[in-house]
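*Asks:* Whatever this is, show me its structure:
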Amino acid sequence: QVQLVESGGGLVQPGGSLKLSCVNSGRTFGTYGMGWFRQAPGLERELVAAISWSGLSTYYTDSVKGRFTISRDNARTTVYLQMNSLKPEDTAVYYCAASGVAGLPLQTSDFNSWGQGTQVTVSS
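*Replies:* A predicted model of the protein is given here:
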């Protein structure tokens, strides 16, 4: 059984940086694509970034391109989200998710395992 545990969230000022980590236990980590979602109050959960099992393919939603970087360390069964130049509109609960496909997961339906989430608050 997959267990995803996120860490690294917190309070940061606008323009600051945070690095989220997600540790995966259970099934072979390197076989599946991974993603980071976020959900702000009153809004739907959105896919922020995704990475294929090889790490060679990535996806970013338009609002974070050039600011966020997703990466993975299959040896440590960990996926990261480096977030720079943070804005108040980035405030949300961030969720790590594992997909059931080997390629780049782009649909919410591609993901079948979720972490509990970590709060990111960007405020002065």
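*Asks:* surely residue 108 meets residue 48?
*Replies:* No - applying CB atoms under 8 Å as the test, residue 108 and residue 48 come out as separate, 12.0 Å apart. Quick note: C-beta positions are derived from backbone N, CA and C, even for glycine.
*Asks:* so what sits against both of the two?
*Replies:* residue 37 (CB atoms under 8 Å, 6 or more residues apart in numbering).
*Asks:* Comparing the two, which residue is more hemmed in?
*Replies:* Taking other CB atoms under 10 Å, residue 108 and residue 48 do not tie; residue 48 has more neighbours (23 against 14).
*Asks:* how close does residue 57 get to residue 101?
*Replies:* Between residue 57 and residue 101 the computed distance is 11 Å (CB to CB, to the nearest Å).
*Asks:* contacting residues for the residue nearest the centre of the chain?
*Replies:* Nearest to the geometric centre of the chain sits residue 36, at 2.1 Å (CA atoms, centre = their mean). Contact analysis of residue 36 by CB under 8 Å, 6+ apart lists 20, 22, 47-50, 70, 79, 81, 94-97.
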